[in-house]
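Peer 1: Test case, fold it:
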Amino acid sequence: MLASLAFAALTAFTLASDADTTIAVTPGTTLQVANYAGSVVVETWKRDAVRIEATHSEEDKIWIRSMDGVLLVKTTTSPKAQRNADIHITAPTWMNLEVSGTHTDVAVEGTRGALTVTTVSGDVEVAGSRGRAVLNTVNHDIRVIRGSGTVVTESVNGDCVLRSMDADTVDASTINGSVVFEGVYRPAGFYRLASHHGDVAVAVPGACNGTFAVATFSGGFTSAFPVSVTGANKGRRFQFALGDGRARIELKSFQGTIHLYRAGTRIPIQLHPESHEGLARDIEHFDR
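Peer 2: Below is the predicted model:
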């Protein structure tokens, strides 16, 4: 089914399986997507319209509703049904996005608006975000490539891997996974990278201007190059500066090891297999 609808005239309707619908929207509209199980993939374009392609069981429905500047796309799959719905959306680059799910993988590329993703048992992959991105998952991994602006990632049992970053603010944390950061450090930037039981690996470029604050309780610290530490407290808390020290980088791990490695070299820690596979796929897709 292919349809094109004006947002102003839209109230609510459902999509049949294998639907393909395009809806005109006005600047300032927020897109909310809720999918209990399956996947949500969001790509962007320059049109003021949202294209929705959906594949789901004939027994389920996908509701489209507009109200108070919000375009809502929601599946009605029952948690007991154990069925999946796959939603592929193409949205304006300016559009704010809010995506939620339970057993849902989420991938977003090229958004310049605010982005919020919340899922329980699903991977989150984001490429080329330029606004504020807040990404949360419980049992899987978060991967960000070419993120700028503000990026906040939080997982419980997964890795947070951030590559080719050019962000002003980064706050990446996990409980039982590892954190990897590669990118530039902006002059007035703030970067907080933390894991409770896992490792933290941070790439340092040749020209780096940042003050590093390191904290670990029963973990360790390794560096691929010599650093002169100050404020050491029995090896648990210390700091050092590179260049003019303008950027602020906080590295924390309660039981894991904090690694500093040279940019362009191999990541010095073992990630979840899914992180390796997803990372390779992301780089192949987004760097070509």
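Peer 1: tell me the contacts of the nearest residue to Asn84 once chain neighbours are set aside?
Peer 2: With sequence-adjacent residues excluded and distances taken as CB to CB, 6 or more residues apart in numbering, Asn84 is closest to Gly38, at 3.6 Å. Bear in mind the C-beta positions are built from the backbone N, C-alpha and C, glycine included. Gly38 makes contact with 56, 75, 77, 84-87, 101, 103-105 under the criterion CB atoms under 8 Å, 6 or more residues apart in numbering.
Peer 1: and Gly38, what element?
Peer 2: If you go by DSSP states H and E, Gly38 is part of strand 30-45.
Peer 1: which helices and strands does the next helix or strand after that strand pack with?
Peer 2: Later in the chain than strand 30-45, the nearest helix or strand by DSSP H and E is strand 49-55. Judged by 3 or more CB pairs under 8 Å, 6 or more residues apart in numbering; DSSP states H and E, the packing partners of strand 49-55 are strand 19-24, strand 62-67, strand 85-92.
Peer 1: Mind listing the strands the helix or strand that the last one is followed by pairs with, and their directions?
Peer 2: Same thing as strand 85-92. Per DSSP H and E, the first helix or strand lying C-terminal to strand 85-92 is strand 96-109. Sheet pairing of strand 96-109 (DSSP bridges) gives strand 30-45 (parallel), strand 115-118 (parallel), strand 124-127 (parallel).
Peer 1: Deepest-packed of those strands, please.
Peer 2: Comparing the strands paired with strand 96-109 by mean neighbour count (mean count of other CB atoms under 10 Å), strand 124-127 comes out on top with a mean of 25.
Peer 1: Now do that strand, average pLDDT.
Peer 2: Summarised as a single mean, pLDDT over strand 124-127 is 97.
Peer 1: likewise stretch 245-263?
Peer 2: 95.
Peer 1: Check stretch 25-41 too.
Peer 2: For stretch 25-41, the mean confidence score works out to 95.
Peer 1: Can I get it in CSV? Just the C-alpha atoms.
Peer 2: Only the C-alpha atoms of stretch 25-41 are listed here, as CSV (Å, rounded to 0.1, in the frame of the first residue of the first chain):
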residue,chain,number,x,y,z
VAL,A,25,4.9,17.3,8.3
THR,A,26,5.7,20.9,9.3
PRO,A,27,9.0,22.0,10.9
GLY,A,28,8.8,21.6,14.7
THR,A,29,7.0,18.3,14.6
THR,A,30,8.3,15.5,16.8
LEU,A,31,8.3,11.9,15.7
GLN,A,32,7.6,9.3,18.3
VAL,A,33,8.0,5.6,17.5
ALA,A,34,7.1,2.8,19.9
ASN,A,35,7.7,-0.8,18.8
TYR,A,36,7.5,-3.6,21.3
ALA,A,37,9.5,-6.2,19.4
GLY,A,38,11.4,-6.1,16.1
SER,A,39,13.4,-3.2,14.7
VAL,A,40,13.2,0.5,14.0
VAL,A,41,15.4,2.0,11.4
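Peer 1: Can you give the distance of that stretch from its chain's centre?
Peer 2: 16 Å (CA atoms, centre = their mean, to the nearest Å).
Peer 1: Please produce CSV containing the strands paired with strand 96-109, extended by distance to Thr211.
Peer 2: Listed next are the strands paired with strand 96-109 as CSV, based on distance: least, CB to CB, whole Å:
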stretch, distance to Thr211
strand 30-45, 36
strand 115-118, 29
strand 124-127, 28
